[in-house]
Structure formats: structure tokens, C-alpha cells
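S.K.: Structure here, sequence nowhere to be found:
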């Protein structure tokens, strides 16, 4: 079954934010950018066009931090041949699931094996986003679902690359998102900070020097275990006030069972 997000007109301010980020991406020197590969496992069932739109948002956020991403689609019955190979140290896994297994309000989660500066037993590799919760928040904030899903995915991939499950007080790496903040659509709310971008590039450079065997034991696909017992978690949450705030205005009430 393929799930489609309803078509929505993006907020004008948000469109300007994305346009600005794309100009930055175009002006970035590809030769100077750091490169990584993202394997995508869509268990939720986005249509190919929606999945591509979401991943374009992810790529734009990473390019803004000086990183280029090659996307490998490992979804469906005929995944790319590269999905059968062991992971390289500069490869990440992005999973799109329906709901958190613990019944929480998380929008996404990343598995961190060691904090920044510590010796990790293996590279931080796996991030998961929960599409039903993201779609619910997108409806309330009147943002395009694929846009918000891409921002959540960029946030979780940022945790893997920064090497920490700590959240920032502001910007893309903040730990609690509200629909009012999303509607505000300030450019700085949807970008990695300069410090985070520098850390991402530094740690990616270190990953490039690791032997392939450092990540070879990690292989996940649809339904495979993420071995989270060895990792620490700090989920990206729906703002606590949003869970209690009554529905007002014209934004439709989200229905978590509709997608």
C-alpha cells in the first residue's frame, strides 16, 4: 500500500526559507563538500514522488552544512543492488516507520553509540522517523507533509553526524517542535548552526578514515533489529503544550489512523 500526503499550499515564508537554502546549495563548491551515502528504507509506504520530495529537503539541509548526500533507495520489492552490500563508515541508514514502538509522541529518533569526543564501538548509523506523527503535525501547522518529514529526517541524521543525542536550544537541532514554531517559518529555525555544521564536517572527515570493517557488521533493512541496547536515545518530540492544546482555527484535526 502506498501512502500519499495530501497536497497543501506551503506557507509563503517557508517557501522563501527553502529558496534561500537552495541558493546556498547551488553556490556551494561540490569539490569542497564532504560526501556521504544515505540508504533509505521506507516501511511506511510513501509514494516514490513524495519520498523523492522529502529526500530533496534532506539533501538541501545537508548541502547547507557543506555535505553532499547520495541517496540509495532500499525500499520496496526491488531495492538497489548497493543495498545488499555491507555498510561503509560514511553510509547512514534512514528508516521511515509509521509510529514509535513505545507509543511516545516522538517524531524521530537516532541511535548514538557514544557521545562526541568519546570512542564509539562503531559509527553512528541508524535514524528513524515516524511518518504518522509527522503527518499529524504537518496538518496542524499547514506545512507540506514531505517538507516537515524532510526536516525531521535531517534533524535525526544530524544527530548521527554530530555524534551526540543532545539537543540545541534553537535551530534545526532543537529537541521539541511546536506547530506555532513551524508556522513562524524563520530561516534560522531550519538550518544547522555554524557550530553544528563544522562538527558534522569534522566528524565526517574522521569517518572517511575508518576501515570499511568498522561498519561492516551493521546491516539493516525492513523489520531488522536496530540493536538499540548499545545506543543512547534522545527522541525529537512533539512539543508538550501541543499535546494538550485544543484544536482551533481552520487547520484540520489530525487523525493518526488516517495514514
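M.R.: Arrived safely. In this text, all values refer to a predicted model and were calculated from it rather than measured experimentally.
S.K.: pLDDT below threshold where in the stretch 1-150 of the chain?
M.R.: For the stretch 1-150 of the chain, applying pLDDT under 70 flags the ranges 1-33, 114-122.
S.K.: Doesn't residue 37 lie inside a strand?
M.R.: Yes - the assignment for residue 37, made by DSSP: H, G, I helix; E, B strand; the rest coil, places it in a strand.
S.K.: residue contacts, it?
M.R.: With contacts defined as CB atoms under 8 Å, 6 or more residues apart in numbering, residue 37 is in contact with 69, 70, 71, 72, 82, 88, 90, 91, 92. Quick note: C-beta positions are derived from backbone N, CA and C, even for glycine.
S.K.: could you dump those to CSV with distance to residue 205 and neighbour count?
M.R.: Putting the contacts of residue 37 into CSV (distance: CB to CB, whole Å; neighbours: other CB atoms under 10 Å) gives the following:
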residue, distance to residue 205, neighbour count
69, 15, 22
70, 17, 13
71, 21, 17
72, 21, 17
82, 23, 14
88, 14, 18
90, 10, 19
91, 15, 21
92, 15, 23
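S.K.: Just those residues: which are in strands?
M.R.: Among those, the ones falling in strands (DSSP state E) are 69, 70, 71, 72, 91, 92.
S.K.: can you put those in a markdown table and add distance to residue 58?
M.R.: Converted to a markdown table, the ones in strands among the contacts of residue 37 look like this (distance: CB to CB, whole Å):
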| residue | distance to residue 58 |
| --- | --- |
| 69 | 7 |
| 70 | 12 |
| 71 | 8 |
| 72 | 13 |
| 91 | 15 |
| 92 | 10 |
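S.K.: how close does residue 80 get to residue 145?
M.R.: To residue 145, residue 80 is 25 Å away according to CB to CB, to the nearest Å.
S.K.: What segments of the stretch 151-259 of the chain are strands?
M.R.: For the stretch 151-259 of the chain, strands defined by DSSP state E, counting those that start in this stretch occupy the ranges 176-177, 236-238.
S.K.: tell me what the first one is packed against?
M.R.: What that stands for is strand 176-177. Where contact means 3 or more CB pairs under 8 Å, 6 or more residues apart in numbering; DSSP states H and E, strand 176-177 is packed against strand 236-238.
S.K.: average pLDDT for the strand it packs on?
M.R.: In this model, strand 236-238 carries a mean pLDDT of 63.
S.K.: taking the contacts of residue 37 as a set, which two sit the farthest apart in space?
M.R.: Pairwise distances across the contacts of residue 37 (CB to CB) peak at 14.8 Å, for the pair 71 and 88.
S.K.: Which parts of the protein are helices?
M.R.: Under the criterion DSSP state H, the chain contains helices at 12-27, 48-64, 131-141, 145-162, 179-184, 194-208, 213-216, 240-244.
S.K.: so which of those gets nearest residue 170?
M.R.: With CB to CB as the measure, helix 179-184 is the member of the helices of the chain nearest residue 170 (9.7 Å).
S.K.: residues near the residue lying closest to residue 106 once chain neighbours are set aside, how many?
M.R.: Spatial nearest neighbour of residue 106, excluding adjacent residues (CB to CB, 6 or more residues apart in numbering): residue 235 at 3.7 Å. The number of residues packed near residue 235 is 20, by other CB atoms under 10 Å.
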